[in-house]
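>>> Using only what follows, build the 3D model:
(chains A and B)
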Amino acid sequence: MNHLHLAHPHADAPTTSPLPAGAVRMLDGTAVLPLFDAEQATGVTVHDLAAHRAHFGPRRSYLGHAADTLLADMDAVELSGRGGGHFPTAAKWRSVVRAGAGGTVVANAAEGEPAIAKDAVLLLTRPHLVLDGLAAAVEVLGAREGVVWLHDGAWASARSVTRALEERRAAGEADPPIRIMLAPARYLSGEATGIIRTLEGGPTLPRWVADPARPWSPGQRPVLVNNAETLARAALLGYVGAAAYAPTSLLTVVSDTYRVVVEAGPDETFGQVLARSWRSPDGQPPVAALLGGYGGSWVRWQQLAPMPVDNAALKTVGLSVGAGLLGPLPHGACGIEESARILRYLARQSAKQCGPCVFGLPAVADLVDRLVEGRLGRRDKHSLDTYVREISGRGACRHPDGALRMLTTALTTFSDDVARHKHGRSCDAPLHSIFPLPEEA
Amino acid sequence: MSRVVPLREARPQAGPAAGPRLRLDPSVCDGVGICSHLAPDLVAVDSWGYPVVHAEPLTDKRDVRQAEAAVNACPRKALHLL
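Next comes the predicted model:
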């Protein structure tokens, strides 16, 4: 592991973007973390309970009419789920409210995506904002308890949350019951249906639900699963109100030696974000970027650079901020080879439940390996197209869809590389393994 | 034996429900394949022997009967008529 390059990539660059006057941001800088096992996030001040309360005042209670105000504010700022799905948060809360009280709210911070660290940064530096959001959701929904859902091995985050809960207890804060749960350290441990299945006594594996608006089992208590950043944003919104809320996005910019978590303003372009968060190995802008997550989309940098970090704008061109990955591919790296590695990883991280995912993804990964080796024949190409078409939309969760989205956008974005590999010539890329993949058991 | 079919819209769309839909829980399906024999008009089989079910609401009575037969015969209880 390389800890040598944890100084800020651009010491002289601004670490925050300009926001409208009066707007309140979540972070006071950009956070720099190692590729794996973040013990701390340098560049962002850690807010303990005293600092947090000095900033925002006492925790808001949402036991009465305040709940309606918060939901209305969520509608006003179009708060959406930051785990990747960007489903309207208020609509999700209301559907759980309709299902009845006595359930559980989960702050989902199991970042299965190896390249993404925004939730870890929040738990390490703004644990009380996440806990305030969790407490708010428990109160609005009339739930019985809150759960902070982490993956096994996220010890620094677990310590930070434990310390924060102790601080709140010691200060006599009137919180609902909140506990920490550890999920297996797998890519899919943050999948919402798998979390609910675990709360109901089952394994931490995704499951098929007939009605996505009621993902819990019949007769079981309702469960709201929200990404940790989403809950932190709900808390922030409750403190500052819709007018002063800054609709920013937390992006994790990944390079070959570190990850940088940036809070991007809504008018900031991806080009501006990268200029203050990424050190190019050759001083050039990247060729392309992987946006959203490992199950996201490749985009040519020329297209992405002038676009604002605004999910509504991205949606019009079929893109999404997703879970906030911004993975630039420098010149000298091969997009096809990087995609083949990521695809193989995603195939191995299947929950091994649904046939199209269990058998389909490895079959596709084999064909992409043939492509990389320049051995993809015409029949192989036909099989690849067929498999991609067959697998799409057929898992209990969206894991295979994401893997195929990453692949198909790679094949179009890197069509020149595809052509080179097809003719049996390696592209001779000098840079390899740009994207971090954990060692698998 | 497997036959490759073009996939129809796999994600059911909300709208005025004209009839029940045949739904598959792919996480419990083992690709036994009885469904594709009992409901050949509604269930195709992919390259790995797993069912691809017709996603549209079933309006034809004959389709509904086929779907019911497939639902009842599934040894994994993976099919639902909803």
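>>> rest of the way, CA atoms for contacts and neighbours
Will do.
>>> Can you tell me the SS state at the residue of chain B at minimum distance from chain A?
Nearest residue of chain B to chain A, counting by Cα to the nearest Cα: residue B:27, 4.5 Å away. Reduced to three states with DSSP: H, G, I helix; E, B strand; the rest coil, the structure at residue B:27 is coil.
>>> Please name the residues that touch it.
A:207-208, A:353-355, A:395-396 (Cα atoms under 8 Å, 6 or more residues apart in numbering or on different chains).
>>> can you redo those as TSV with neighbour count?
Shown next, in TSV, are the contacts of residue B:27 (neighbours: other Cα atoms under 10 Å in any protein chain shown):
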residue	neighbour count
A:207	25
A:208	18
A:353	18
A:354	25
A:355	23
A:395	23
A:396	23
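>>> Could you restrict those to the ones contacting chain B?
Restricting these to those near chain B by Cα under 8 Å from any Cα of the partner chain leaves A:207-208, A:353-355, A:395-396.
>>> so after the one helix or strand residue A:406 maps to, what's the next helix or strand?
Using DSSP states H and E, residue A:406 sits in helix A:399-413. Note on helix A:399-413: by DSSP H and E, the next helix or strand toward the C-terminus is helix A:415-422.
>>> Among the ones next to chain B among the contacts of residue B:27, which ones are in helices?
Using DSSP state H, the members of the ones next to chain B among the contacts of residue B:27 that fall within helices are residue A:355.
>>> can you redo the ones next to chain B among the contacts of residue B:27 as TSV with pLDDT?
Listed next are the ones next to chain B among the contacts of residue B:27 as TSV, based on pLDDT from 0 to 100:
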residue	pLDDT
A:207	97
A:208	97
A:353	97
A:354	98
A:355	97
A:395	96
A:396	96
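>>> Of the ones next to chain B among the contacts of residue B:27, which is the nearest to residue B:36?
When the ones next to chain B among the contacts of residue B:27 are compared for distance to residue B:36 (Cα to Cα), residue A:355 wins out at 15.4 Å.
>>> hang on, the earlier thing: can you redo the contacts of residue B:27 as TSV with distance to residue A:195?
As requested, those are arranged in TSV below (distance: Cα to Cα, whole Å):
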residue	distance to residue A:195
A:207	10
A:208	13
A:353	16
A:354	18
A:355	22
A:395	17
A:396	14
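>>> Could you give the number of residues near residue 58?
Using chain A here. Number of residues near residue A:58 (other Cα atoms under 10 Å in any protein chain shown) recorded here: 11.
>>> Correction: the question concerned chain B.
Using other Cα under 10 Å, residue B:58 has 20 other residues around it.
>>> repeat for residue A:386
Residue A:386 has 18 neighbours, counted by other Cα under 10 Å.
>>> Check the one 4 residues further on too.
Using other Cα under 10 Å, residue A:390 has 22 neighbouring residues.
>>> Are we agreed that residue A:160 is in a helix?
Yes. Counting by three-state DSSP, one finds residue A:160 located in a helix.
>>> quick one: it and residue A:122 touch, right?
No. With contact defined as Cα atoms under 8 Å, residue A:160 does not count as touching residue A:122 (10.0 Å).
>>> which ones are touching residue A:198?
Taking Cα under 8 Å, 6+ apart, one finds A:204-205 in contact with residue A:198.
>>> any idea whether it is helix, strand or coil?
helix.
>>> mind checking how far the one residue sitting closest to the centre of chain A is from chain B?
Geometric centre of chain A, nearest residue: residue A:323, 2.7 Å, by Cα atoms, centre = their mean. For residue A:323, the distance to chain B (Cα to the nearest Cα, to the nearest Å) stands at 22 Å.
>>> sorry, back to before: ok, the helix holding residue A:406 near chain B or not?
No. Helix A:399-413 stays clear of chain B (Cα under 8 Å from any Cα), getting no nearer than 11.6 Å.
>>> Check stretch A:179-191 too.
No. Stretch A:179-191 lies out of reach of chain B by Cα under 8 Å from any Cα, never closer than 14.1 Å.
>>> would you put the C-alpha positions of that stretch in PDB?
Taking C-alpha atoms only, stretch A:179-191 is exported to PDB below (Å, rounded to 0.1, in the frame of the first residue of the first chain):
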ATOM      1  CA  ARG A 179     -26.900   0.700  16.900                       C
ATOM      2  CA  ILE A 180     -24.100  -0.300  14.500                       C
ATOM      3  CA  MET A 181     -24.300  -3.400  12.400                       C
ATOM      4  CA  LEU A 182     -21.400  -4.800  10.400                       C
ATOM      5  CA  ALA A 183     -22.000  -6.500   7.000                       C
ATOM      6  CA  PRO A 184     -19.600  -8.800   5.300                       C
ATOM      7  CA  ALA A 185     -16.900  -7.000   3.300                       C
ATOM      8  CA  ARG A 186     -18.400  -7.600  -0.100                       C
ATOM      9  CA  TYR A 187     -19.300  -5.400  -3.000                       C
ATOM     10  CA  LEU A 188     -23.100  -6.200  -2.600                       C
ATOM     11  CA  SER A 189     -23.300  -5.700   1.200                       C
ATOM     12  CA  GLY A 190     -24.800  -2.300   0.800                       C
ATOM     13  CA  GLU A 191     -27.600  -3.500  -1.500                       C
END
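>>> did I read that right, residue A:32 in a helix?
No. According to three-state DSSP, residue A:32 belongs to no helix; its state is strand.
>>> That one touches residue A:255, doesn't it?
No. Counting by Cα under 8 Å, residue A:32 stays clear of residue A:255, with 11.1 Å between them.
>>> Name the residue in the two with the higher neighbour count.
Between residue A:32 and residue A:255, residue A:32 has the larger neighbour count (other Cα under 10 Å), namely 27 against 24.
>>> For that one, give the beta-bridge partners.
With DSSP bridges as the criterion, residue A:32 is bridged to residue A:42, residue A:260.
>>> roughly how far apart are it and residue A:409?
Residue A:32 sits 28 Å away from residue A:409 when distances are taken as Cα to Cα, to the nearest Å.
>>> Flag the shaky bits of chain B, pLDDT-wise.
Applying pLDDT under 70 to chain B flags residues B:1-17.
>>> Show me the helices in it, by range?
All helices of chain B, identified by DSSP H, fall at B:34-38, B:61-73.
>>> Please dump these into TSV; it should also carry distance to chain A and mean neighbour count for every row.
Listed next are the helices of chain B as TSV, based on distance: least, Cα to the nearest Cα, whole Å; neighbours: other Cα atoms under 10 Å in any protein chain shown:
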stretch	distance to chain A	mean neighbour count
helix B:34-38	15	20
helix B:61-73	15	18
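>>> Residue A:202: which of those is closest?
Set against residue A:202 and scored by Cα to Cα, the helices of chain B come closest in helix B:61-73, at 24.7 Å.
>>> distance between the closest one and the chain's centre?
How far helix B:61-73 lies from its chain's middle: 9 Å, per Cα atoms, centre = their mean, to the nearest Å.
>>> Tell me the buried residues in stretch A:170-179?
Buried residues in stretch A:170-179, defined by neighbour count with 16 or more other Cα atoms under 10 Å in any protein chain shown: A:175, A:178.
>>> In three-state terms, label the residue nearest to the centre of chain A for me.
coil.
>>> Please name the spatially closest residue to it (chain neighbours excluded).
For residue A:323, ignoring the flanking residues on the chain, the nearest one in space by Cα to Cα, 6 or more residues apart in numbering or on different chains is residue A:84 at 4.1 Å.
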